[in-house]
Structures are given as structure tokens and as C-alpha cells.
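K.L.:
What would the 3D arrangement of this be:
(2 chains, ligands or ions: 1)
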Amino acid sequence: MTVDYADVVIAGGGIAGASAACKLAAGGLSVVLLEKQEEYRDLVRGEWLAPWGIREAQRLGVYDCFGAGGGWEIREWMTWDEAVTEDEVEAVDMTRFIPGIGGPMSFPHHQVCELMAAQAVDSGARLVLDAARVTVTPGREPVVTYQTAEGPQEIRARMVLGATGRGNTVGRQIGVRMRNSMHHWGGGMMVEGMDGWPADVQAMGTEGDVMFMVFPQGYGRARLYLNFPTVNKLRYRGPGGVERFLAAFELDCLPDRGKAVTEAVPAGPLSVWPSVSSVPEGPPLTEGVVLIGDEAGNADTVLGTGLSCALRDSRTVCDILLGGDDWSPAAFAPYLEERDFRLERLDFGASIISRLHVEFGPAATERRRRVRKLMAKNFAAQVTGLLNMVAPEDVPEFGFSEFFAERLFRETA
Amino acid sequence: MNKKRIQVNDVELAYVDEGEGDPVILLHGFPDSSYLWRHQIPALVEGGFRVIAPDLRGFGDSGKPQEIEAYGMQTIVNDVVALTMKLGIRRPHIVGHDWGAAIAWMYAFLMPRRLDHLAVLSVGHPGVFATPSLEQRAASWYMLFYQFPGVSEELLRRNGWRLFKEIMGRDGDYDRYLRDLARPGALTAGLNWYRANRSPEAELRPARPFPPVLAPTLGIWGAGDKALLEEGMSASGKYVKGPWRYERVEDAGHWLPLDAPDEVNKLLLGFLGTEQAAHEERRPRRRL
Ligand SMILES: Cc1cc2nc3c(=O)[nH]c(=O)nc-3n(C[C@H](O)[C@H](O)[C@H](O)COP(=O)(O)OP(=O)(O)OC[C@H]3O[C@@H](n4cnc5c(N)ncnc54)[C@H](O)[C@@H]3O)c2cc1C
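P.N.:
Below you'll find the model as predicted:
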């Protein structure tokens, strides 16, 4: 067994963990980043980064990893949807929500993670790929053990960051329980050869029994997602699943009935998953261990804010670690407070969006039509839509009241 | 391909050095590195050459000084001279693409005795550039773009390097360039190549006479080049006193070594070392 020392050990080299490794190593701390994959592969994660998340990436000093890793600014959202008639379709300009930032960015997730890990290494961090069986023993001097091809390893650290995502590998070991709920299922796949699709335009809408998302990444590539009811959870599995997934984009509301998408070529695995939101029952930390990113709790992916949250977590926690010598749980109180507030808002917003856009059938479609009318009449009713563009604290308070939600659904029932 | 490192002319250069035989130096352009030549290196080695492909200063794994002055053409030519001297090479063939071609021409002017054959890809003789047609100016608008010091790094990086991506399109190793340029100091270094050498003032200055090129010279231009016009290369012959060949490659754009590797290999192998250099003109000794 090799025994090592490090200021900070980070378990999980995703967006949260790898960005933290960059920031902490650049700040002069000794950092070990443990990633279980042998090499970075397309795990079908989030690839749409909100403008407020881009700002977090800039603050963390990892912005170039996105651009260089294949990030592509999307400028317009065309509101193609079965509840919107052809002449009502609008192009929403997404470049103006945060001054100086521009539109959201769509990027190949694993390539960006790989570049971040490389940047962390350039700044002095140690990256361990293929790290198996990570165990964490919390305490004033936490201990991490893991397994590599060379055998068992041990690191004594001052701090461990748990960033293993929804698997909650670290969280479970330190006794952080999650309250999980599931509203629908989702699937995602990378495609190329979509040259017929305008590169600046994203689509996000509902028709029939799918909510579809198309996020272009330039050069004819795009990330496709579908959200669909749990009863259809097997539809895109098994032989022919990829073909059925692509065929699901043959939609009346899309130009040419979605031809640009249905004729695209798969360029990565298709992955189908239950869309779970997890809210931690207690604080996501203990002595010597702090959780960040999805591992600390996450809202439904329908909102597209998980990445931004992972980056915000990473920045907040790194600032505390780099800001002083007090790394006791009490020092992370500002992180916990901000995170609770944020997750509560996102969870609330995601539940509204899910009910509105990821429920299907004639009644749900009618509701969507009425909601659109209401929003056209009263701009304030669009408040929830702001949630994936600007940071949760910048969305007006009234959007998060039960009163607002109740009225929205009552008036449109 | 493993790179070696060497300290020359106040900068550390990384370079590929493969094979045995007559030496060929391969000079890449913007925003490439020796990686540009990955299809040529094995073919030339196979053809019996010793191939040396440096990452020019500011690019790839080489040093990246941040001052504009560090990127003057003469300084970069000096890098090549110093590199060959340190490696004990007296009279190499020189092959250049894009900025590397400009360096190769300059090398031919300054170091005629240290040059065997010259092959230039995409970029013709600077004499043709000195009186550019309007059309050529439009095609090289992107060169002028790099003139705003400080601002353009920020502009190019903005929105996930969107502008840069639009300029580059799907040409060359487009999905690799940003990884290189995002390395610390790399973007400024790359842009400094332009800032040091193509300032608007320099464009307006009257053309100075260039010394004739005595080496046998091969010019190659890709018919799909969006940045540089054919006349830039085809009209270069009038500045070459040695044997001159011009080859137009139909199925290639600006990045000839990548777009048409087999054709470029064939042209290089059929040219390097095959011609007699023109004799240096005898000039009457000037009296003071
Ligand atoms: C299909 C899908 C679509 C989504 N769409 C969006 C979107 O468009 N926009 C958005 O903002 N968010 C989206 N999200 C959410 C977003 O992907 C996540 O919030 C984000 O990836 C969280 O980052 P993370 O680093 O915390 O976790 P992860 O991305 O899950 O990364 C965890 C990392 O840790 C590694 N790891 C796991 N277990 C171990 C272990 N035991 N030891 C060592 N390493 C380990 C993993 O290999 C991985 O590299 C989506 C999520 C999914 C699943």
C-alpha cells in the first residue's frame, strides 16, 4: 500500500470535481483528483450550460476548457411546440440575459472534463484515472483509500471533496441521505451530420408524448434529449432503440417535420435514465468532507441547470478553501446556506416546468395552450422560464411562491 | 512522434527529428505545429530524408514569449538558422506552409548559401503581396483582424471562441487548434506573429526589392484556398532565378498537407534534391 499526503483529495472528475481541481491547484494547494473512468468517455450528461453557469466557469478560470473542448454558443431558441401555431413561433434571443456573456453554450461534456483535468495537471494537481473502490473516512484528518492497477492506495488529506455525481459514493459513506423523487424519464444521444439545422438555434418543446431538446454544437453536431412519461421507459431500449429515438423527432412542429434531426447520424451512445431529483435530508458535509455538484443534491434535469450548479458549488467551496485556514464544517456555512436556497428554488421551478412541459395527453396540451396565452398576456407569468438563464437568486421572488404556482395551474386547468 | 527540445536564440524549441539522409526542414504556419506534417514525415523518412519539423516559437510545445517584438520574421528565421546549426546541418531543403512558407521565403533571401531546395505551400513570394489586388485584400481580411492588440484575444475567446470558430470553419485541424491556443500564453503568441509582421503601416510601405531566389523552388497552391489567391503563388515564379515549378492541387484548400497528403508527398519526393541550383550571379564588386 502506497501512502500519500495531499491538501485536498477530490473524488470524481466530472464538471464539479475537475473544475475544483483546476481552481485549487492554481491556488497553490496540493490536489489529487480521483476519476473512476480509465479515460473520459461520453456518459450522456448535461451539455447545455446556462449563461449564469458560463459566468461561474469564468470565475473558476476554466472557461477556455469549454470553448476549446468544443463548446458552441447558441443564440436563439425557437419555440417550436405543438401548442404554438406556425405563425406564433418566436425566436427568443438568448444572448442578452447576462451582459457580456452571450447565449448558453452547448459542449461535448467528456471532452471539456478531459481538458479541465489536463489543466489541473498543468497547474500541479495529480490525476488518477481508473481509480476504483474509493473509500472515505471523515475526520479532522480524513483518509481516502482506492485501488489502481498498482494495488491499494491511501491518501491522508486535510479535506475531501465528494464529487461523484448521482452515484453518491462519498455521500453514502458519510451518511448524507437523499430524498429522491421522479417525475418522468429521459434519454440523450450525440449526433452529427445535422447540417440542415441552423447552428445558432436550439429547440425545446413538447409534442405527442415527448418533450424534445436539440442543442447544436456547431459543425453539424448536436446533443439531442428526449423527456417522456415513465410508461414509455422501455421504448428506446433494446435493438432498434437508436432508430426509434431519432424517429421520435419526426414532429409536426419542427421545420420539415424534423428531417434534419431524423436523418442525423448517431455519434455517441444512447442513454436512457429516470429523471430523478435529489434533495439532501441533512447538510451535505461532515468533518473533513464536503460534497459538491450532483452529489450534494440536484434538481430535475429538465431545467438544464445541473452543470451551472456544479460550477457554482465548486467555486464557492474553493473560495472558502483558498480563503483561509479554517476548513472546519462551520467555515462552510455560507456554502450550505446559499446551496439550500438555490436548490429549493431550482427544485420548485423544475417541478413547475415538468408539470407544464413533461406531461402528455389532450388535457396537458390544452393546459400548455392556455399557459402560453396567459404568459403572452401577463409577462410576469414567464418568471419560471428565467430560471435556466440567470442565477436562481436573480429570479424575482414571487416566482417561487405556492400562491404563484397554484394560480398558474388553477387558471389554466 | 517524439519531440526533442533544444534551446536556441533565447527560446526553447520542440522539434521532431526522424530518419536519415539529406535534411529537410518542415515549417508549419498558423495556428499549427509540427503535427501539421504528420502525413509528410513518414513519407519523407521512407524516401530517404532526415526530417526536422520544429514547433515554431509561440506554437505547440515550444516557448511562447509574450512580447510582439519576439515574433519578427528575422527573429524566426534566426531560430531556424540556429536550429540547423546546432544540429550540424549545413544546407537543408526547406519546406514551408502558410506562415512557415513566408519564413521559408525569408530564409531563402537571407541565407541563400544555407539552402538546397525550397518548397512553399499556399503562401507565395512577398513581392506579389506587396501589390495585392483588391480581391486578395478581401481574402486576407482575417489577417488584419488580428491587429487590435489586447482586444482581439478577448474577442476571439468570447462566447466559446465563436468568432475564431467562424473564421476557421472546418479547415485544417480545426477541432484541435483551440486546445493548443487555450494553453497559457498561446493565443497571444500566435496573434503576435501577425502583429509583428503585418501591421497596416507595413502594408502601406512601398515594396522593397527582394533578393532573387537562387534555389530550385516548388510552389504548391490548393484550388480551394479561401484565404489566398492563386496569383499569389503562380506569379511568384518571376522572383525565382533558380528552376521554378508551380503545382496547383485541385482537391485541397489552404491546408494542403492535410487535405491532399498523398499528392503533397508525391510532389515533395519528386522535387527535393532533383534540381541543380542556379549559380549565384556574379556582381561587380562595389567600390566605396
Ligand atoms: C441526461 C442528462 C441530461 C442533462 N442535461 C443537463 C443540461 O442540459 N444542462 C445542465 O446544466 N445539466 C444537465 N444535466 C445535469 C448535469 O449533467 C449534472 O448536474 C452535472 O453533470 C453534475 O456534475 P458532477 O460533476 O457533479 O457529476 P457527474 O457529471 O456525474 O460527474 C461525476 C464524475 O465522477 C466520476 N465518478 C463517479 N463515481 C466515482 C467513484 N466512485 N470514484 C471516482 N470517480 C467517480 C464519474 O465517472 C464522473 O466523471 C443532465 C443530466 C443528465 C443525466
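K.L.:
List the contacts of the residue of chain B found nearest the ligand.
P.N.:
Nearest residue of chain B to the ligand (Cβ to the nearest ligand atom) works out as residue B:160 at 15.0 Å. The way it works is simple: take the backbone N, C-alpha and C, and place the C-beta from them, glycine included. Neighbour list for residue B:160: A:66-67, A:71-73, A:105, A:107 [criterion: Cβ atoms under 8 Å, 6 or more residues apart in numbering or on different chains].
K.L.:
what secondary structure does it sit in?
P.N.:
helix (DSSP: H, G, I helix; E, B strand; the rest coil).
K.L.:
For it, report the pLDDT, please.
P.N.:
pLDDT, residue B:160: 88.
K.L.:
rewinding a little: make CSV out of the contacts of residue B:160 and add distance to residue A:43 and pLDDT.
P.N.:
Listed next are these as CSV, based on distance: Cβ to Cβ, whole Å; pLDDT from 0 to 100:
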residue, distance to residue A:43, pLDDT
A:66, 17, 96
A:67, 21, 92
A:71, 17, 94
A:72, 19, 95
A:73, 23, 95
A:105, 18, 97
A:107, 14, 97
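K.L.:
Sort out for me which of the residues you listed are in strands.
P.N.:
Judged by DSSP state E, strands contain the following of the contacts of residue B:160: A:72-73, A:105.
K.L.:
ok, the residue of chain B closest to the ligand to residue A:57 distance?
P.N.:
Separation of residue B:160 from residue A:57 (Cβ to Cβ, to the nearest Å): 10 Å.
K.L.:
Can I get the contacts of residue B:160 in CSV including distance to residue B:92 and neighbour count?
P.N.:
Output for the contacts of residue B:160, formatted as CSV (distance: Cβ to Cβ, whole Å; neighbours: other Cβ atoms under 10 Å in any protein chain shown):
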residue, distance to residue B:92, neighbour count
A:66, 41, 28
A:67, 38, 28
A:71, 41, 29
A:72, 42, 27
A:73, 44, 27
A:105, 45, 29
A:107, 43, 26
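K.L.:
closest to residue B:25 among the residues you listed?
P.N.:
Relative to residue B:25, the closest of the contacts of residue B:160 is residue A:67; by Cβ to Cβ it sits at 32.8 Å.
K.L.:
Tell me the one of the ones in strands among the contacts of residue B:160 nearest the ligand?
P.N.:
Looking across these and measuring by Cβ to the nearest ligand atom, the closest to the ligand is residue A:105, at 10.1 Å.
K.L.:
Return the residues in contact with the closest one.
P.N.:
So residue A:105 contacts A:48-49, A:54, A:66, A:71-74, B:159-160 (Cβ under 8 Å, 6+ apart).
K.L.:
Tell me which two of those residues sit farthest apart.
P.N.:
Across the contacts of residue A:105, no pair lies farther apart than A:48 and B:159, at 14.6 Å, counting by Cβ to Cβ.
K.L.:
do stretch B:10-21 and chain A meet at all?
P.N.:
No. Remark: stretch B:10-21 sits outside contact range of chain A, by Cβ under 8 Å from any Cβ of the partner chain, the gap being at least 15.8 Å.
K.L.:
mean confidence for that stretch?
P.N.:
The average pLDDT within stretch B:10-21 is 97.
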